[in-house]
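> Sequence and predicted structure are below.
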Amino acid sequence: MKRILTIAGSDSGGGAGIQADIKTITVLGGFAMSAITALTAQNTTGVQGIQPVPIEFIRLQMHSVLSDIGVDAVKTGMLSTPEVVEAVVDVLREHLVEIIVVDPVMVAKSGDSLLSNAAKDAMKKMLIPMAHVVTPNLAEASALSGIAVRGIDSMKDAAVKIFDLGPRYVLVKGGHLKGRAVDILFNGEEFREYEAIRLANRNTHGTGCTFSAAIVTLIAQGKSVPDAVAEAKQFISRAIDLGIAIGRGIGPANPYAHVLLYKERDAVLQDMDRTLSLLLEARLARLIPEVRSNLCYAIPGAQSYMDVAAVPGRISTLGDHLVIHRGSAFGASRHVASVVLAAMRKNPDMRSAMNIRYSKEIVAGCRKAGLTMASFDRKKEPKAVKAREGSSLDWGTEMALKGAEVFPDIIYDEGDMGKEPMLRVLGKNPSDVANKVIKIGMASV
């Protein structure tokens with residue numbers, strides 16, 4: 001177990017700072033230690049007060065940990081004064097700490113200032129040159145580089161300026177960009193972009209702390225910096241997607257979402273297998289299309305098709321019965337899984353789907369069963385979407401949902417050249433979907 005020391009401020013609300021760091025490091029399998037630089041009276045609405053920790057006591061906390069337990073990597077967060085920065089740098093140098101991730105915390109999510117101008121200058125002169133990675137957001141990158149950072153090009157320009165201060169890597173975070181949510185990593189020679197879906201969840205308190213804590217833990221565990229950033233990006237995306245709606249202001253991101261990734265998997269597979277048994281007992285072969293069917297079920301906060309369980313080899317037919325050759329598994333579908341993932345972006349509770357055959361009789365059966373429907377036209381699919389493998393159903397589902405007055409039970413299209421027309425039945429879980437499919441089967445006889 002790798003030993004990770006976080007040197008940062010305490011957030012009494014538990015969403016950022018030391019508290020967020022310890023949760024993240026622990027969830028990722030590290031041993032978390034702390035040196036607290038300041039106490040804050042803080043909640044979801046803002047920072048009500050800051051009480052600095054005496055400089056010598058900050059030094060003592062660090063010496064106490066480093067001289068006995070040792071450390072594999074260090075992360076710094078809120079260092080509010082130049083004296084704090086200098087003390088932290090002195091102790092890190094004395095103990096020859098090699099892996100240091102600097103999160104240059106300057107402003108809280110609520111807009112409250114957490115770093116003086118003098119401390120910023122001290123950080124640029126003394127701490128950032130020691131950093132393995134420095135992780136500024138757009139505002140921090142602007143302050144450190146002197147460049148107004150507003151887009152991808154200026155992010156790259158700022159990364160170059162900050163790299164000149166001496167760190168080995170600069171990661172400029174683009175969470176506050178308009179449009180694409182892109183982070184830029186620069187190693188002095190090349191840029192690498194990390195893009196994620198922009199999430200609508202407003203509960204994002206502590207995202208910077210959580211992201212940098214994930215990065216330092218993964219680097220300590222042997223990941224390269226580019227790979228650590230990629231994995232940490234998935235970690236923070238999931239934490240934001242399942243952000244916690246508490247308090248009257250901006251709730252915190254949820255580091256525990258990473259645990260749910262594993263905790264929920266068994267429950268998802270069990271629900272899938274129970275539902276498949278139910279479907280196999282029904283006589284539904286006439287609902288299966290030429291390309292065969294699949295039933296999918298995603299874990300909460302699913303980010304990719306690997307978070308979606310499905311039937312390997314799809315669902316086939318034998319006579320008037322359905323046939324499956326293997327039990328459900330994660331990553332076994334891309335097409336129907338993309339429908340689920342797109343639906344979840346609109347309504348996170350709609351985590352399951354199954355594709356069935358399209359015909360006028362079956363469509364009439366859907367309406368007779370009282371199910372709501374929405375559609376998209378494949379002929380209107382942009383060329384850029386067609387050229388991107390696996391993007392068609394993602395686009396189509398978004399188009400159908402965008403035009404729907406209520407969240408539909410079914411999304412369908414009437415096909416196109418080389419594309420079979422199809423119905424996709426949506427639901428909260430596989431049982432919900434299966435019951436709708438069985439109703440359709442009964443109503444379309």
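Thanks, I have the structure now.

> Could you check how far the helix or strand of the chain with the lowest mean pLDDT is from the centre of its chain?
Least confident helix or strand, the chain: helix 383-387 with a mean of 76, by mean pLDDT, DSSP states H and E. On the basis of C-alpha atoms, centre = their mean, to the nearest Å, helix 383-387 sits 25 Å off its chain's mean C-alpha point.

> tell me which strands and helices it is in contact with?
Taking 3 or more C-beta pairs under 8 Å, 6 or more residues apart in numbering; DSSP states H and E as contact, the helices and strands that helix 383-387 lies on are helix 392-402. For every residue, glycine as well, the C-beta is placed using N, CA and C.

> quick one: contacts of the helix it packs on?
335-336, 338-339, 341-343, 345-346, 374-378, 380-382, 385-386, 407-408, 411, 413, 424 (C-beta atoms under 8 Å, 6 or more residues apart in numbering).

> repeat that for 10 Å
334-343, 345-347, 350, 353, 355, 373-378, 380-382, 384-386, 388, 407-408, 410-413, 416, 419, 422, 424, 426 (C-beta atoms under 10 Å, 6 or more residues apart in numbering).

> CA atoms of whichever helix or strand comes after that helix as PDB?
The C-terminal neighbour of helix 392-402 among helices and strands, as given by DSSP states H and E, is strand 410-413. Extracted in PDB, the C-alpha atoms of strand 410-413 (Å, rounded to 0.1, in the frame of the first residue of the first chain):
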ATOM      1  CA  ILE A 410     -39.500   3.400 -26.800                       C
ATOM      2  CA  ILE A 411     -37.100   5.100 -29.300                       C
ATOM      3  CA  TYR A 412     -37.300   3.900 -32.900                       C
ATOM      4  CA  ASP A 413     -36.000   4.600 -36.300                       C
END
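
> Which residue ranges of the stretch 1-150 of the chain form strands?
3-11, 31-43, 46-52, 73-76, 100-102, 133-134 (DSSP state E, counting those that start in this stretch).

> domain assignment for the protein?
3-255, 263-443 (automatic domain parsing).

> residues near the residue lying closest to Leu371 once chain neighbours are set aside, how many?
Once flanking residues are discounted, Leu371 sits nearest to Asp409: 4.0 Å by C-beta to C-beta, 6 or more residues apart in numbering. By the criterion of other C-beta atoms under 10 Å, Asp409 has 22 neighbours.

> Quickly find the element holding Leu423.
Judged by DSSP H and E, Leu423 forms part of strand 422-427.

> Please name every helix or strand in contact with that strand.
Counting contacts by 3 or more C-beta pairs under 10 Å, 6 or more residues apart in numbering; DSSP states H and E, strand 422-427 is packed against strand 295-298, helix 335-346, strand 352-357, helix 360-368, strand 373-375, helix 392-402, strand 410-413, helix 430-443.

> Format the CA atom coordinates belonging to the fourth one as PDB.
Included here for helix 360-368 are C-alpha records, laid out as PDB according to Å, rounded to 0.1, in the frame of the first residue of the first chain:
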ATOM      1  CA  LYS A 360     -46.200  -1.600 -38.400                       C
ATOM      2  CA  GLU A 361     -47.900  -4.300 -36.400                       C
ATOM      3  CA  ILE A 362     -45.400  -4.100 -33.500                       C
ATOM      4  CA  VAL A 363     -45.600  -0.300 -33.500                       C
ATOM      5  CA  ALA A 364     -49.400  -0.600 -33.300                       C
ATOM      6  CA  GLY A 365     -48.900  -3.100 -30.400                       C
ATOM      7  CA  CYS A 366     -46.600  -0.600 -28.600                       C
ATOM      8  CA  ARG A 367     -49.300   2.100 -28.800                       C
ATOM      9  CA  LYS A 368     -52.000  -0.400 -27.800                       C
END
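
> all helices for the stretch 51-200 of the chain, in order.
Secondary structure of the stretch 51-200 of the chain, counting by DSSP state H, counting those that start in this stretch: helices at 55-68, 82-94, 117-122, 138-145, 152-163.

> Next, Ser333: secondary structure please.
Classification of Ser333 using DSSP: H, G, I helix; E, B strand; the rest coil returns coil.

> ok, it - contacts?
294-296, 305, 308-312, 314, 339-340, 353, 355.

> Name the nearest residue to Ile288, ignoring sequence neighbours.
Thr317 (5.1 Å).

> what stretches of the stretch 301-445 of the chain score poorly on pLDDT?
Along the stretch 301-445 of the chain, the model assigns pLDDT under 70 to residues 387, 389-390.

> Quickly find the element holding the most centrally placed residue in the chain.
What sits nearest the mean C-alpha location of the chain, by C-alpha atoms, centre = their mean, is Ser237, with 1.5 Å. Assigned by DSSP H and E, Ser237 falls within helix 225-241.

> what pLDDT, on average, does the next helix or strand after that helix get?
With elements assigned by DSSP H and E, the helix or strand that comes after helix 225-241 is helix 257-281. Averaged across helix 257-281, pLDDT comes to 91.

> how far out from the middle of the chain is helix 257-281?
21 Å.

> List the buried residues for it?
The neighbour-count check on helix 257-281 (16 or more other C-beta atoms under 10 Å) flags 257-258, 261, 264, 268-269, 271-272, 275-276, 279 as buried.

> Let me know the angle separating it from helix 225-241.
70 degrees (axes from the mean of the first three to the mean of the last three C-alpha atoms, to 10 degrees).

> which other helices and strands contact helix 257-281?
helix 17-27, helix 225-241, strand 295-298, strand 308-310, strand 321-323, strand 329-330, strand 352-357, helix 430-443.

> now these as CSV including distance to Gly174?
Formatted as CSV, those follow (distance: least, C-beta to C-beta, whole Å):
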stretch, distance to Gly174
helix 17-27, 20
helix 225-241, 11
strand 295-298, 26
strand 308-310, 27
strand 321-323, 46
strand 329-330, 29
strand 352-357, 31
helix 430-443, 36
